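> coords please:
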Amino acid sequence: MKKGFLKATAVIAAAVTVATSFPINDVKAASSYVFPAAGVALAAGNGVSLADIRANVARNAAKQSTIANHERITKKDESTVQKVETPSSKAVNEGTVIDGIAVVGSASEGATIEITSTDKPVSDGGMNGGDDTELAEGDNTAENADASETEANPTIDIKPESQDVEEGEEDLSDQVIAVVDGYVNVRSMPDENSEIVGKLYNHSAGTWLDKQGDWYKIESGNVVGFVKGEYVKTGQAAVKLAAEVGQRTATVHTTTLKIREEASLDSKVLGLVANEDQLTVIEETEEWVKVNIEEGDGWVSKEFVSIATLFPQAESKAEEEARLKKEAAERKKAQQAAARSAGGKSSSKSSSGGGGGGSYAVSGSGLGASVANYALQFVGNPYVYGGTSLTNGTDCSGFTMGVYRNFGVSLPHSSGAQRSMGYGVGSLAEAQPGDIVCYSGHVGIYIGGGQIVHASTAKTGIKVSNASYRNILAIRRIF
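Sure, this is the predicted structure:
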């Protein structure tokens, strides 16, 4: 790209700001001439005449119609900017209306007239219907632009175009994904001093709405606001990142779903999952989807699941306050329930039914350690799909539900639902004994040392495993 054209884009971006800083004298006018060089030149009698402006606009319109090479700049409010030069030396007073266009400034000889439009074009060959601005490479209106303007006023980004995707696939080209340690603030305006309206956590996503300078305007969850461009990925970079960090998930919509070894109704059943469980997607065909469950990777018909790529969403200030308040209340309630039940259940080993958990022990006197030690008593007992008996047979969520019931805490009988109980723990390194560790269609209880106890499969029953044996989707703390 030639240097003159690069300068032109910088000036145009700058003109958007200048044009909005002047009062519009005729509220019905669709456009306005902006004269930035006012003051001394006008007082000295230097400026432009009405006839000069009309003639110059006509010349510029004719020139525009022949432009082949151009740069398109689009703003969300569909306003555009066009540049022409002032050729003469008579003044135009502010407030004058020319062909239905209000004059909102004045200019000295040789200065530039900036024409903004939010409605109709100046002429058929000029502003392309008011939607676009086309500027020839090397246009002499940009030759005198200061190169520093390019840095101070970056060009306006065009919203990413939708990508060609297969039928049933999602178009993620308009995603804005945070890449930060912790979170980035979402602000009401593209200004670091403006109000914080929410937080966008690492690898959380929002929808691209607009860009102003080096700020992106996004919508994420219930939050609409601006994030600094340096903390997010957009466009093709976001699409690539989405494939790595987005959770492609199949949510079950039937009471009991059979997971099969192959993509066929005649194939052997690998395992069973419950309604509303969320399963990690491994592969997809037109009619089948491969998912990950405790027994391994298997296939389900798309008829019984809904598939989506899930990203964490921004959290508004009000949502954060409500969440923290709820988590504090849940912790208090759980602790009170555990205290009430502690006296009557001091000898819990008698209910283990011969489990082999005696070789494991968790140190510490906290409630989490008590939960982990209680759960370990049932190692070796059977796994039964849909079961809730810690001694005669239970499934994974029935196991965690039964263990926490001993401490007066009620959990839902669903691994997917348990993923939203209590409050989140950032990583396995921060996990404490008693935390619930959530996987695709599965849950277990953390016992420390990088291990969990869980009701695994019908072949293995309740056992201890390394917590990282599968991809961890969430860690939830109840106490």
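> so what sits opposite Q247 in the bridge?
Counting by DSSP bridges, Q247 forms beta bridges with L310.
> hmm, N292 and it touching each other?
No. Using Cβ atoms under 8 Å, Q247 makes no contact with N292, being 11.4 Å away. For every residue, glycine as well, the C-beta is placed using N, CA and C.
> check contacts around G271.
259, 293-296, 298, 385, 457 (Cβ atoms under 8 Å, 6 or more residues apart in numbering).
> between these, which is nearest N222?
I293 (32.6 Å; Cβ to Cβ).
> who's the closest one bridged to?
With DSSP bridges as the rule, I293 is bridged to G296.
> C-terminal to the helix or strand hosting A328, what's the next element?
Here A328, judged by DSSP states H and E, is contained in helix 317-342. Per DSSP H and E, the first helix or strand lying C-terminal to helix 317-342 is helix 367-376.
> in its sheet, what does the helix or strand following that following helix sit against?
As assigned by DSSP H and E, the chain's next helix or strand after helix 367-376 is strand 388-389. Strand 388-389 pairs in its sheet with strand 393-394 (antiparallel), by DSSP bridges.
> got a list of contacts for the partner strand?
Residues from elsewhere that reach strand 393-394 (Cβ under 8 Å, 6+ apart): 381-384, 387-388, 402, 455, 462.
> does the closest residue to G221 other than its chain neighbours count as helix, strand or coil?
Closest residue to G221 apart from its sequence neighbours, by Cβ to Cβ, 6 or more residues apart in numbering: Q313 at 3.4 Å. Of the three states, Q313 takes coil under DSSP: H, G, I helix; E, B strand; the rest coil.
> ditto for T207
Assignment for T207 (three-state DSSP): strand.
> which residues touch it?
So, once contact is read as Cβ under 8 Å, 6+ apart, T207 ends up touching 174-176, 218-220.
> just the ones of the residues you listed in strands?
175-176, 218-220 (DSSP state E).
> can you list these in a markdown table and add neighbour count, pLDDT and distance to P190?
Formatted as a markdown table, these follow (neighbours: other Cβ atoms under 10 Å; pLDDT from 0 to 100; distance: Cβ to Cβ, whole Å):
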| residue | neighbour count | pLDDT | distance to P190 |
| --- | --- | --- | --- |
| Q175 | 25 | 89 | 19 |
| V176 | 26 | 94 | 14 |
| I218 | 27 | 96 | 11 |
| E219 | 16 | 96 | 15 |
| S220 | 25 | 95 | 16 |
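> and the furthest pair within the residues you listed?
The span of the ones in strands among the contacts of T207, defined through Cβ to Cβ, is set by Q175 and E219 at 11.0 Å.
> low-scoring stretches of the stretch 301-450 of the chain, by residue?
Residues of the stretch 301-450 of the chain meeting the criterion pLDDT under 70: 341-359, 364-365.
> what do you get if the cut-off is 90, keeping everything else the same?
By pLDDT under 90, the low-scoring segments of the stretch 301-450 of the chain are 308-312, 323, 326-367, 407-408, 416, 420, 422-424, 426.
> and the helices in the chain?
For the chain, the helices defined by DSSP state H cover 3-20, 40-43, 50-64, 148-152, 235-245, 317-342, 367-376, 396-405, 415-418.
> packing partners of the longest one?
This means helix 317-342. strand 196-201, helix 367-376, strand 423-424 (3 or more Cβ pairs under 8 Å, 6 or more residues apart in numbering; DSSP states H and E).
> for G393, see how far away P382 is.
Look at P382 and G393: by Cβ to Cβ, to the nearest Å, they are 4 Å apart.
> higher neighbour count, those two?
Neighbours were tallied for P382 and for G393 using other Cβ atoms under 10 Å; the higher tally belongs to G393 (20 against 17).
> burial count for the closest residue to that one other than its chain neighbours?
Nearest non-adjacent residue to G393, counting by Cβ to Cβ, 6+ apart: V384, 3.0 Å away. Neighbour count for V384, taken as other Cβ under 10 Å: 16.
> phi first, then psi, for V384.
Backbone torsions of V384, given as degrees, to the nearest 10, read phi -140, psi 120.
> and for D277?
The phi/psi pair for D277 (degrees, to the nearest 10) reads phi -70, psi 150.
> what residues does it make contact with?
Counting by Cβ under 8 Å, 6+ apart, D277 makes contact with 251-252, 257, 414-416, 441.
> rerun at 6 Å
By Cβ atoms under 6 Å, 6 or more residues apart in numbering, the residues touching D277 are 252, 415-416, 441.
> those: which two are farthest apart?
For these, the maximum inter-member distance is 10.5 Å, found between V252 and S415 (Cβ to Cβ).
> pick out whichever of those two has more residues nearby.
S415 (28 against 23).
> that one and G448, how far apart?
Taking Cβ to Cβ as the measure, S415 falls 22 Å from G448.
> residues near the nearest residue to T256 once chain neighbours are set aside, how many?
Residue nearest to T256 in three dimensions, not counting chain neighbours: L272, with 5.5 Å by Cβ to Cβ, 6+ apart. Neighbourhood size, L272 [other Cβ under 10 Å]: 17.
> tell me the pLDDT at L272?
Per-residue confidence (pLDDT) for L272: 94.
> cool, the one 5 residues further on as well?
According to the prediction, D277 has pLDDT 91.
> grab the nearest non-local neighbour of L257.
Leaving aside its sequence neighbours, L257 sits nearest to V273 (Cβ to Cβ, 6+ apart; 4.9 Å).
> domains in the protein, by residue range?
Annotated domains of the chain cover 3-152, 175-245, 247-310, 345-477 [automatic domain parsing].
> sorry, back to before: buried subset of the contacts of G271?
Buried members of the contacts of G271, counted by 16 or more other Cβ atoms under 10 Å: 259, 293-295, 298, 385, 457.
> and those residues, which two are furthest apart?
Maximum pairwise distance among the buried ones among the contacts of G271 (Cβ to Cβ): 14.3 Å, between G298 and Y385.
> list the contacts for E320?
By Cβ under 6 Å, 6+ apart, E320 has no neighbours at all.
> where's it relative to Y231, distance?
E320 sits 18 Å away from Y231, taking Cβ to Cβ as the criterion.
> what is the neighbour count of G235?
Neighbours of G235 (other Cβ under 10 Å): 18.
> tell me the confidence at it?
Reported pLDDT at G235 in the predicted model: 86.
> any low-confidence regions in the stretch 51-200 of the chain?
For the stretch 51-200 of the chain, the stretches flagged by pLDDT under 90 are 51-175, 181-182.
> picking up where we left off before, want to throw the buried ones among the contacts of G271 into a markdown table with distance to D191?
Output for those, formatted as a markdown table (distance: Cβ to Cβ, whole Å):
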| residue | distance to D191 |
| --- | --- |
| I259 | 51 |
| I293 | 48 |
| E294 | 49 |
| E295 | 53 |
| G298 | 51 |
| Y385 | 55 |
| T457 | 55 |
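> quick one: which of those is nearest Q335?
Closest to Q335, out of all of those and judged by Cβ to Cβ, is E294, at 30.8 Å.
> picking that back up, wait, the residue nearest to G221 touches E219, no?
No. Counting by Cβ atoms under 6 Å, Q313 sits too far from E219 to count as a contact (9.6 Å).
> if we ignore the residues flanking it in sequence, what's nearest S389?
The shortest distance from S389 to any non-neighbouring residue, by Cβ to Cβ, 6+ apart, is to G402 (7.4 Å).
> quick check: that neighbour vs G298, distance?
Using Cβ to Cβ, we find G402 at a distance of 26 Å from G298.
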